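# I'd like to go over a predicted model; first the sequence, then the structure.
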Amino acid sequence: MTKLSVNINKFATLRNSRGGNNPDVTKAAIDAQLFGANGVTVHPRPDERHIRYQDVFDIKKIITTEFNIEGNCKEQKFVDLVLACKPNQVTLVPDALNQITSNHGWDTIEHLSYLKDIIGVFKKAGIRVSIFVDPRLDMVEGAAKTGTDRIELYTEAYAKQFHQDKTLAITPYIDAAHRAKELGLGLNAGHDLDLTNLRYFAQHIPTLDEVSIGHALICDALYLGFENAIQLYKRQLMP
């Protein structure tokens, strides 16, 4: 079954809005795994507006499930953090400084040489690497040349189009997934996946290894409870 990694950034956003340590981000990671999440994802940014670098070290000490750190590898501080923490997986995202949220994948053709080098750094440290890409065959093929272990398909376009034409929305992702499999790449997905569109996505892409979901799941947790929300999302991933 496709694994669910819960992004806990929003717990940190809420904490930081008032100062102090409520909610406790480390406890959120502990509870996520206790409630059945297959992994925990964090995405520290340079301004530490949500997850702080110290949070990452604190979570690393207690985590018993898979740990995924997302971020922009062009920031040396991020590279140093990942190498110090040695998570199970690092997901490389081409965010600009002060970007509110991720909004595009890597151009794996233009940045091929750079990606080869930085991916090699992480793989040498024994860390599985995934890179964020748009559902385009040329970008998937470029990713395969970088040496990455996996790609993460950026799913905002799918989510936006889902309610208008779900078949049209899923088609480029199916094509990208097929090509990734042919090239021997593992497959993750994330961004704007929620309880209305996740099952359809997972059913049509059986090679999906993992989804990383934060914003929608935490919003649902406000009404449904954190444990219940995690379980509901996991049910969407069942065959």
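Now that the structure is in, tell me what you want to look at. Residues are numbered from 1 along each chain as shown.

# ok, T64 - contacts?
By Cβ atoms under 8 Å, 6 or more residues apart in numbering, the residues touching T64 are Q33. Yep, even glycine has a C-beta here, placed from its N, CA and C like the rest.

# before we move on, which element is it in?
Using DSSP states H and E, T64 sits within no helix or strand.

# Report pLDDT for it.
Per-residue confidence (pLDDT) for T64: 95.

# measure it to Q33 for me?
The gap separating T64 from Q33 is 6 Å, by Cβ to Cβ, to the nearest Å.

# can you check F11 too?
For F11, the distance to Q33 equals 14 Å [Cβ to Cβ].

# Who has more neighbours out of those two?
Counted by other Cβ atoms under 10 Å, F11 and Q33 do not tie: F11 has more neighbours, with 28 against 19.

# which residues touch the nearest residue to the more buried one once chain neighbours are set aside?
Closest residue to F11 apart from its sequence neighbours, by Cβ to Cβ, 6 or more residues apart in numbering: A28 at 4.2 Å. Counting by Cβ under 8 Å, 6+ apart, A28 touches 8, 11, 226.

# from what I can see the last one touches G36, true?
No: contact criterion Cβ atoms under 8 Å: F226 and G36 do not qualify, at 10.6 Å.

# of the two, who's got more company?
F226 (22 against 14).

# Specify the local secondary structure of the residue nearest to I213 when sequence neighbours are not counted.
Spatially, and ignoring its direct neighbours in sequence, I213 is nearest to L193 (5.4 Å; Cβ to Cβ, 6+ apart). At L193, secondary structure determined by DSSP: H, G, I helix; E, B strand; the rest coil is coil.

# Distance of the spatially most central residue of the chain relative to P44?
Note on the chain: the residue nearest the mean C-alpha position is S212, at 4.1 Å, using Cα atoms, centre = their mean. Per Cβ to Cβ, S212 is found 14 Å from P44.

# rewinding a little: inside helices: which ones of the contacts of A28?
If you go by DSSP state H, these have 11, 226 in helices.

# Turn the contacts of A28 into CSV, columns for distance to T148 and pLDDT.
As requested, those are exported to CSV (distance: Cβ to Cβ, whole Å; pLDDT from 0 to 100):
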residue, distance to T148, pLDDT
I8, 24, 98
F11, 29, 98
F226, 32, 98
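
# now, among the contacts of A28, which is nearest to T108?
Closest approach to T108 among the contacts of A28 (Cβ to Cβ): I8, at 28.2 Å.

# and T41, what element?
Per DSSP H and E: strand 39-42 holds T41.

# What is the lengthiest helix in the chain packed up against?
The longest helix of the chain (DSSP H) is helix 166-182. Packing partners of helix 166-182 (3 or more Cβ pairs under 8 Å, 6 or more residues apart in numbering; DSSP states H and E): helix 137-146, strand 150-154, helix 156-161, strand 186-190, helix 198-204.

# what's the closest of those to I127?
In terms of Cβ to Cβ, the element of these nearest to I127 is strand 150-154, at 11.8 Å.

# Can you pull out the low-pLDDT segments for this protein?
Counting by pLDDT under 70, the chain shows low-confidence ranges at 96-103.

# Can I get stretch 47-54 as CSV, trimmed to CA atoms?
Only the C-alpha atoms of stretch 47-54 are listed here, as CSV (Å, rounded to 0.1, in the frame of the first residue of the first chain):
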residue,chain,number,x,y,z
ASP,A,47,13.3,32.3,7.8
GLU,A,48,12.1,29.5,10.1
ARG,A,49,8.5,30.8,9.8
HIS,A,50,7.2,27.3,10.7
ILE,A,51,9.6,24.4,11.2
ARG,A,52,12.8,25.6,12.9
TYR,A,53,16.1,23.9,12.4
GLN,A,54,16.2,22.9,16.0
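
# Neighbours of the residue nearest to I213, how many?
26.
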